[in-house]
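> Sequence isn't available, so here's the structure alone:
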């Protein structure tokens with residue numbers, strides 16, 4: 001009996017100490033980690049202001065590669081929400097939702113998960129740093145409240161190790177991820193893109209000529225395009241085809257001294273419409289106005305290329321693409337292409353294949369500051 005009484009007394013002492021120590025422990029925890037990146041502020045902000053690339057940097061997905069992610073709300077900004085579900089009991093179900101967003105400064109995200117505590121919030125604070133503010137310091141804070149949950153207060157002793165390690169790993173992975181994004185500010189004057197979006201493109205019929213590796217000067221590039229457009233016109237005439245849109249240039253390699261590209265024209269069956277006012281002044285590379293009764297079609301055509309003609313016929317399949325409008329000299333298209341890829345990647349899209357531009361103003365105008373283009377880059 002004495003032993004039982006001694007055991008109960010010891011148990012009471014332990015319980016009392018547990019309560020006393022637990023009450024003395026902090027009722028909330030706050031930790032912070034930082035890292036620097038040399039990517040543009042626009043890219044960094046858009047990355048943390050969206051949850052679309054969560055899987056590419058957050059350590060949560062490393063614990064269960066089969067975790068299911070579900071997105072809702074807007075693509076970015078306040079209300080953007082990501083819910084996850086895992087068969088791993090340590091992860092279970094949870095969510096991240098953006099609650100506050102201040103452009104190029106900070107993003108506040110509410111977290112709901114299976115760990116103890118309430119009011120869990122992570123905040124990304126962005127600060128220009130480095131020489132001439134070329135870099136961005138990313139600081140991620142995490143806070144959690146335990147109230148009078150004594151077990152939670154004890155669990156808070158390990159937040160610095162568990163959550164802190166996740167913050168360090170996540171920021172490191174984010175910096176590596178950002179390093180793979182072209183460092184072009186798609187929201188700035190260096191790449192004046194407009195109407196950025198992802199679209200569904202239909203099947204098309206294309207006539208294609210590989211221009212080869214051309215000297216990177218305006219005269220050589222322009223001459224090559226016009227010469228190859230002449231081959232395309234001959235193939236069109238031989239098959240009763242008309243242009244279904246402006247000439248396109250598909251870039252293979254834009255080097256310091258050489259430019260490798262394809263000249264492409266979308267086509268369809270039909271006959272050109274009678275020349276409208278001003279049509280007689282159209283230059284090579286500009287699409288003729290389509291005849292009103294004949295609609296463009298994505299159905300495959302039967303095309304026979306005359307002997308000796310370097311043109312090939314390609315029938316594309318429907319696919320998604322990132323796209324943007326650009327105005328300026330064609331020499332600025334390389335920066336514009338990289339800006340489009342930077343935007344698409346930051347928005348969580350993986351670009352594939354080669355980019356191309358639809359030269360809406362024709363070839364001659366493209367070699368002036370008034371050139372107009374729609375840029376496309378296919379995405380998965």
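That came through fine. Remember, predicted model here, so these are calculated numbers, not experimental data. Residues are numbered from 1 along each chain as shown.
> Could you pull out the helices in the stretch 51-200 of the chain for me?
All helices of the stretch 51-200 of the chain, identified by DSSP state H, counting those that start in this stretch, fall at 54-57, 60-63, 150-155, 159-179.
> distance between the first one and the chain's centre?
Pointing back at helix 54-57 there. 13 Å (CA atoms, centre = their mean, to the nearest Å).
> and it, what other elements does it pack with?
Here helix 54-57 touches helix 159-179, going by 3 or more CB pairs under 8 Å, 6 or more residues apart in numbering; DSSP states H and E. All C-beta atoms are positioned from the backbone trio N, CA, C, and that covers glycine.
> ok, residues contacting the helix it packs on?
Applying CB atoms under 8 Å, 6 or more residues apart in numbering, the contact partners of helix 159-179 are 29, 31-37, 39, 43-44, 47, 53, 56-60, 138, 140, 142, 144.
> Tell me the buried residues within those residues.
The neighbour count (16 or more other CB atoms under 10 Å) marks 29, 31, 33, 35, 37, 39, 43-44, 47, 53, 56-58, 60, 138, 140, 142, 144 as buried among the contacts of helix 159-179.
> Looking at those residues, which are in strands?
Using DSSP state E, 29, 31, 33, 35, 37, 138, 140, 142, 144 are the members of the buried ones among the contacts of helix 159-179 that sit in strands.
> Make sure the third one is actually in contact with residue 138.
Right, the one you point to is residue 33. No: using CB atoms under 8 Å, residue 33 is not in contact with residue 138; the gap is 9.1 Å.
> buried set for the helix or strand hosting residue 321?
Residue 321 belongs to strand 319-327 when assigned by DSSP states H and E. Within strand 319-327, the residues that count as buried by 16+ other CB under 10 Å are 319, 321-327.
> Where does the prediction get shaky in this protein?
Filtered on pLDDT under 70, the chain yields the residue ranges 1-28, 146-162, 190-191, 271-297.
> same thing but 80
Applying pLDDT under 80 to the chain flags residues 1-29, 116, 145-164, 189-191, 271-298.
> Beta-bridge partners for residue 208, please?
Taking DSSP bridges as the rule, residue 208 bridges to residue 264, residue 312.
> One more: the one 4 residues further on?
Residues found in beta-bridge contact with residue 212 (criterion: DSSP bridges) are residue 261.
> Distance-wise, check it relative to residue 258.
Computed with CB to CB, to the nearest Å, the distance linking residue 212 and residue 258 is 9 Å.
> what sits against residue 315?
Neighbour list for residue 315: 203-206, 300-301 [criterion: CB under 8 Å, 6+ apart].
> Repeat the analysis, applying 6 Å as the threshold.
By CB atoms under 6 Å, 6 or more residues apart in numbering, residue 315 lies in contact with 205, 300.
> do residue 305 as well
235, 311.
> for it, helix, strand, or coil?
Per DSSP: H, G, I helix; E, B strand; the rest coil, the secondary structure class of residue 305 is coil.
> sorry, back to before: got the contact list for the strand holding residue 321?
By CB under 6 Å, 6+ apart, the list of residues contacting strand 319-327 from outside reads 193-196, 198-201, 336, 340, 344, 372-379.
> before we move on, back to that, wait, which of the buried residues of strand 319-327 is closest to residue 71?
Checking the buried residues of strand 319-327 against residue 71 by CB to CB gives residue 322 as the nearest, at 17.9 Å.
> so what's the closest one closest to, chain neighbours aside?
residue 344 (3.7 Å; CB to CB, 6 or more residues apart in numbering).
> Any figure for the gap between the one you found and residue 350?
The gap separating residue 344 from residue 350 is 8 Å, by CB to CB.
> In terms of neighbours, single out the busier of these two.
A count of neighbours by other CB atoms under 10 Å puts residue 344 above the other of residue 344 and residue 350, at 24 against 9.
> My guess is the more buried one contacts residue 351. True?
Yes: Residue 344 is in contact with residue 351 according to CB atoms under 6 Å; the separation is 5.5 Å.
> tally of neighbours for residue 365?
18.
> brain fart, residue 122
Other residues lying near residue 122 total 21 when counted by other CB under 10 Å.
> Check the one 10 residues further on too.
Neighbours of residue 132 under the rule other CB under 10 Å: 6.
> State the distance from it to residue 45.
Distance, residue 132 to residue 45, using CB to CB: 18 Å.
> Equivalent analysis for residue 300, please.
Relative to residue 45, and taking CB to CB, residue 300 is found at 44 Å.
> likewise residue 127?
Using CB to CB, we find residue 127 at a distance of 11 Å from residue 45.
> more neighbours, the two?
In this view residue 127 and residue 45 are compared by other CB under 10 Å, and residue 45 has more residues nearby, 24 against 16.
> The closest residue to that one other than its chain neighbours: neighbour count?
In this structure, residue 45 finds its nearest non-sequential neighbour in residue 104, 4.9 Å apart by CB to CB, 6+ apart. By other CB under 10 Å, the residues close to residue 104 number 15.
> what does the one 4 residues further on give?
When neighbours are defined as other CB under 10 Å, residue 108 has 17 of them.
> Any figure for the gap between the closest residue to it other than its chain neighbours and residue 330?
Spatial nearest neighbour of residue 108, excluding adjacent residues (CB to CB, 6+ apart): residue 100 at 3.8 Å. According to CB to CB, residue 100 and residue 330 sit 42 Å apart.
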